[in-house]
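Trainee: let me see the structure of the following:
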Amino acid sequence: MDNSERPTCCKRTGRFFSLYWRVLVLLATPSLAALLFLVDTGPAYRCMFVVLIMAVYWITEALPLPITSMIPVVLFPLLGILDTDRTCMMYMRETLLMFMGGIFLALAIEHCNLHKRIALKVICSIGCSQRKLNFGLLAVTMFVSMWISNTATVAMMCPIMKAVLEELEAVGNTNI
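Mentor: Okay, here's the model as predicted:
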């Protein structure tokens with residue numbers, strides 16, 4: 001191997017950073033954020049320490065997002081910001097449970113192909129004109145929205161809309 005084939009120092013450094021950047025971010029972020037403790041060690045600065053770490057991990061995705069979102073469960077009690085019970089209670093609010101229930105309901109409806117049945121029922125009862133179909137889907141969305149959260153309604157209506165479009169394509173009505 002002569003000198004022309006040997007990688008330069010810059011290429012080796014670039015290759016190293018491209019392979020190990022996550023580890024470097026994971027180690028450097030808390031070290032640099034710890035400089036906040038030179039200013040003050042009060043609860044607000046400890047909380048800012050956790051927020052900075054989470055922001056960098058979230059933006060760079062050095063850790064998977066679900067793991068990043070659980071960092072306060074570990075660091076808040078360790079740093080004396082909040083106790084474990086209060087920290088965990090912030091993750092399980094009533095609205096979050098309602099939202100999760102709506103998402104689970106949407107997944108169950110999609111799993112048993114109820115969304116296709118609803119789409120066929122709307123098409124059969126309303127017709128294939130754009131105006132009537134739009135009104136029918138609006139009515140279904142409004143009815144579903146009365147019982148579950150709006151975000152879960154959208155999650156549930158997306159497969160229904162897709163099934164309506166697939167049925168219209170199968171019939172040959174592709175101008176919608």
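
Trainee: quickly find the element holding A62.
Mentor: Following DSSP states H and E, one finds A62 outside all helices and strands.

Trainee: with only the CA atoms kept, save whichever strand or helix holds K132 in PDB.
Mentor: According to DSSP H and E, K132 maps onto helix 130-145. Taking C-alpha atoms only, helix 130-145 is exported to PDB below (Å, rounded to 0.1, in the frame of the first residue of the first chain):
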ATOM      1  CA  GLN A 130     -68.100  14.500  -4.900                       C
ATOM      2  CA  ARG A 131     -70.500  16.700  -3.000                       C
ATOM      3  CA  LYS A 132     -72.600  13.900  -1.500                       C
ATOM      4  CA  LEU A 133     -69.500  11.900  -0.700                       C
ATOM      5  CA  ASN A 134     -67.900  14.800   1.000                       C
ATOM      6  CA  PHE A 135     -71.000  15.400   3.100                       C
ATOM      7  CA  GLY A 136     -71.200  11.700   4.000                       C
ATOM      8  CA  LEU A 137     -67.700  11.500   5.200                       C
ATOM      9  CA  LEU A 138     -68.100  14.800   7.100                       C
ATOM     10  CA  ALA A 139     -71.200  13.400   8.900                       C
ATOM     11  CA  VAL A 140     -69.300  10.200   9.800                       C
ATOM     12  CA  THR A 141     -66.300  12.300  11.100                       C
ATOM     13  CA  MET A 142     -68.700  14.500  13.100                       C
ATOM     14  CA  PHE A 143     -70.400  11.500  14.600                       C
ATOM     15  CA  VAL A 144     -67.200   9.800  15.600                       C
ATOM     16  CA  SER A 145     -65.800  13.100  17.000                       C
END
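
Trainee: what angle separates the next helix or strand after that helix from helix 130-145?
Mentor: The helix or strand immediately downstream of helix 130-145 is helix 150-171, counting by DSSP H and E. Angle, helix 150-171 to helix 130-145, by axes from the mean of the first three to the mean of the last three Cα atoms, to 10 degrees: 150 degrees.

Trainee: counting contacts, what elements does helix 150-171 pack onto?
Mentor: For helix 150-171, the elements it packs on are helix 94-111, helix 114-126, helix 130-145, judged by 3 or more Cβ pairs under 8 Å, 6 or more residues apart in numbering; DSSP states H and E. Quick note: C-beta positions are derived from backbone N, CA and C, even for glycine.

Trainee: winner for burial among these?
Mentor: Stretch with highest mean neighbour count among the helices and strands packed on helix 150-171: helix 114-126 (a mean of 16; mean count of other Cβ atoms under 10 Å).
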